[in-house]
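Colleague: For reference, the sequence and a predicted model appear below.
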Amino acid sequence: MADEPVTPESTADVPDKKEPATAQKHPSATSVPSPAALAGKGHHHIPSPASLSTKSPSTASPSADYSDDQISEAEKFGRVADDGTVYVKDGDAERPVGQFPDAETPQEALSLYARRFLDLKAKLDLFATRLETTAIKPHEIDESTTLLGEEVREPAVVGNLTALREQYDHLTTRAKERKDEMAAARKEAMAKAIAERTAIVERAEQLAQSLGSSTNWRQTADKFRELFEEWQQHQRTSVRIDKTDADALWKRFSSARTTFNQGRRKWAQERDAERSRAKAAKEQIIAEAESLKDSTQWGETSRRFNELMDRWKKAGRAGRTEDDALWARFREAADTFFNARQSDREQTSSSEHENLAKKEALLAQAEALVPVADEAAAKKARKSLADIQEKWDEIGYVPREDIRRIEGRLDAVDRQIKAVEEAAWKSADPEADARKSSFEQQLRDRLTELEAAITNESDPAVKAKLEAEKATKEQWLNAVR
């Protein structure tokens, strides 16, 4: 049976026969309502006793289809006086319940009140059935018990009132038992909900306690986000927890998240400090490069520039924008020197062909270094290539028409090695992951805000706008993933 609001019944059935609009009152029963005064038109429905009371239990209207045996059994407890007054035997006494002076037969009047008795008994039966369902609520039990008690106190019906009241007494006893059962079930459900939410809190606390230098902040943030979503889902689907317990658990969960957020901020500050140190180191390298750019000591200065390049690679990352600007300055100084060196070499041509043969021999050695399969091989090849490049620089100039060809081939070797080095470097670059994690976190935080706003928004237009923004943010999040 569906769990529905409690509503008093007020609809009376219609008597079996058309009755006069007025009725004569018996002098001895002036306070008893006449069925004729309550009857409407029609023949197939009998007025419910509920129509005579100001309130009725929260049950559906019982059926008016009763067997002749049921009606006859109820009629045994009543009689009809000559003036049409209907009496019922109530315990050891007898009392009037109504008047039907225009009834064609006394049996018709008695049958009317017998059906009212069966209507009232059907309400008790229906309440008994509803008591055993999970849909009924404690306040409905109280309301139905109270209203039914009023109806069975002195009902205007004909039937076995003693048995009816015994049935009501049994129902009140069962109603109390049912409320106790529901209270126990509620207590058990509450304990289960507290245990489930406590488990979520403990997992959050374990995450907060495990933070350290090796923490993957992105993955940990995802885990905290999942725990928060699980917390919200539990709030929506579980039994409501008492405010004191709920507040205490939320305080623990919030404290664990605060510990994580503080740790992540500290890590971000340390990363920023590392970038500042990298920027300072590269600024120093640029200053040295600019002091060397006008040197004519070609071999020594070339080695110095190679050393500066090695230091540059070891300096770390200063951030993408900063690195691009710093590299442009360093490259400008290096180009100034190497362009000057090239110009000087172009002035000397006596041994260019001999130099070409030597460089082609070195080029063969360099090309034998590639391809390289991994970072270790790249380092070894880089070292050998550095030796080759040093010898290359010491040889001198070659014919101008051959410069691009052989330099290009040597650069190709360098690029192949460099590609492996850069791939290895990028795989260990924390900045790219940090940027992606930060953007992804922003998207997730905004999605959480949007979900809460959509849930609480009642304006359809505003809600539609929020849902559109949510769909866009989800597409972005999928792209980042």
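Modeller: Ah, there it is. Numbering: from 1, shown residues only.

Colleague: who does the host helix or strand of I286 touch, helix- and strand-wise?
Modeller: For I286, the host element (DSSP states H and E) is helix 243-292. In terms of contact count using 3 or more C-beta pairs under 8 Å, 6 or more residues apart in numbering; DSSP states H and E, helix 243-292 is assigned the packing partners helix 161-209, helix 217-237, helix 298-314, helix 320-346, helix 430-456. C-beta: built from backbone N, CA, C; applies to glycine.

Colleague: Against which helices or strands is the third one packed?
Modeller: Using 3+ C-beta pairs under 8 Å, 6+ apart as the contact test, the elements touching helix 298-314 are helix 243-292, helix 320-346, helix 375-395.

Colleague: Return the set of buried residues in that helix.
Modeller: Within helix 298-314, the residues that count as buried by 16 or more other C-beta atoms under 10 Å are 298, 301-305, 308, 312.

Colleague: residue nearest the centroid of this structure?
Modeller: E229 (4.3 Å; C-alpha atoms, centre = their mean).

Colleague: hang on, the earlier thing: quick one, which of the helices and strands packed on helix 298-314 is packed in tightest?
Modeller: Ranked by mean neighbour count, the helices and strands packed on helix 298-314 are led by helix 375-395 with a mean of 17 (mean count of other C-beta atoms under 10 Å).

Colleague: Residues in contact with it: which ones?
Modeller: Under the criterion C-beta atoms under 8 Å, 6 or more residues apart in numbering, residues 298-299, 302-303, 306, 355, 358-359, 362, 365-366, 369-370, 372, 410, 413-414, 417, 420-421, 424 lie in contact with helix 375-395.

Colleague: Which of those residues fall within helices?
Modeller: Under the assignment DSSP state H, the contacts of helix 375-395 contribute 298-299, 302-303, 306, 355, 358-359, 362, 365-366, 410, 413-414, 417, 420-421, 424 to helices.

Colleague: Read off the pLDDT value for A195.
Modeller: Note for A195: predicted pLDDT of 90.

Colleague: Tabulate the helices and strands packed on helix 243-292 (JSON lines), appending distance to L147.
Modeller: JSON lines is the format used below for the helices and strands packed on helix 243-292 (distance: least, C-beta to C-beta, whole Å):
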{"stretch": "helix 161-209", "distance to L147": "11"}
{"stretch": "helix 217-237", "distance to L147": "34"}
{"stretch": "helix 298-314", "distance to L147": "87"}
{"stretch": "helix 320-346", "distance to L147": "76"}
{"stretch": "helix 430-456", "distance to L147": "38"}
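
Colleague: lowest-confidence stretch among these?
Modeller: Among the helices and strands packed on helix 243-292, helix 430-456 has the lowest mean pLDDT, at a mean of 78.

Colleague: low pLDDT regions in the protein?
Modeller: 1-64, 345-350, 426-436, 479-481 (pLDDT under 70).

Colleague: tell me the domain boundaries of it?
Modeller: Domains of the chain are assigned by automatic domain parsing as 27-159, 209-266, 349-412, 431-480.

Colleague: just checking, which of these sits deepest inside the structure?
Modeller: Comparing the domains of the chain by mean neighbour count (mean count of other C-beta under 10 Å), domain 27-159 ranks first with a mean of 18.

Colleague: show me the contacts for the residue nearest to the centre of the chain.
Modeller: Applying C-beta under 8 Å, 6+ apart, no residues contact E229.

Colleague: Any figure for the gap between it and Y113?
Modeller: 63 Å (C-beta to C-beta, to the nearest Å).

Colleague: what's the answer for R95, then?
Modeller: Applying C-beta to C-beta to R95 and Y113 gives a distance of 12 Å.

Colleague: How about E283?
Modeller: According to C-beta to C-beta, E283 and Y113 sit 107 Å apart.

Colleague: same thing with R271?
Modeller: From R271 to Y113 the distance is 90 Å (C-beta to C-beta).

Colleague: where along the stretch 51-200 of the chain do the strands fall?
Modeller: 78-80, 85-90, 93-99 (DSSP state E, counting those that start in this stretch).

Colleague: To A468, which of those lies closest?
Modeller: strand 93-99 (66.4 Å; C-beta to C-beta).

Colleague: ok, the buried residues of helix 298-314 vs V157, which is closest?
Modeller: Among the buried residues of helix 298-314, W312 lies closest to V157 (C-beta to C-beta), at 103.0 Å.
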